[in-house]
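A.B. asks: Can you look at this prediction? I've put the sequence above it.
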Amino acid sequence: MLDHLGIQVADPEASAAFYDAVLAALGHGRMLQFGPVIGYGTEHPQFWISPSESEGPARESHIAFLAPDRAAVDSFFAAAVGAGAEVLHEPGLWPEYHEHYYGAFVRDPDGNNVEAVSHVPI
């Protein structure tokens, strides 16, 4: 449904370090950069970060990145924790969503709820 998504960040360098680590664990990387604006993806940039242009605190967003398998979710989680992310939920099954929903949830440097999820059976 979505072609791409962009979020604004308070500290572009801190957010870039976080997303460089966690998205690499899912097989994605920086594809384009225009100053502090960075686009991540595999074939084309689908997720963008840019400096905040508004005053005051931002509202929390939830961003879920698709992982190819459970091992990639685990790698995402390890990379996020290694980057200093606050742990919201360690990797595990979420049967209330569906029987194969395996996800991990952390906070990015701006307080957003960032998830990696696999829908693939073991």
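C.D. replies: Arrived safely, thanks for sending.

A.B. asks: make it CA atoms for all contacts and neighbour counts henceforth
C.D. replies: Noted.

A.B. asks: my read: Ile63 touches Asp108, true?
C.D. replies: No - Ile63 is beyond contact range of Asp108, at 10.0 Å (criterion: CA atoms under 8 Å).

A.B. asks: Next, show the common contact partners of these two.
C.D. replies: Val114 (CA atoms under 8 Å, 6 or more residues apart in numbering).

A.B. asks: Show the pLDDT at the nearest residue to Leu66 once chain neighbours are set aside.
C.D. replies: Excluding its sequence neighbours, the residue lying closest to Leu66 (CA to CA, 6 or more residues apart in numbering) is Val117, at 5.2 Å. The model reports Val117 with a pLDDT of 97.

A.B. asks: When Ile63 and Asp108 are compared, which one has more neighbours?
C.D. replies: Asp108 (22 against 15; other CA atoms under 10 Å).

A.B. asks: What score does the more buried one have for pLDDT?
C.D. replies: 97.

A.B. asks: Based on its surroundings, how many neighbours for the residue nearest to Leu66?
C.D. replies: Neighbours around Val117, by other CA under 10 Å: 26.

A.B. asks: Great, nothing more from me.
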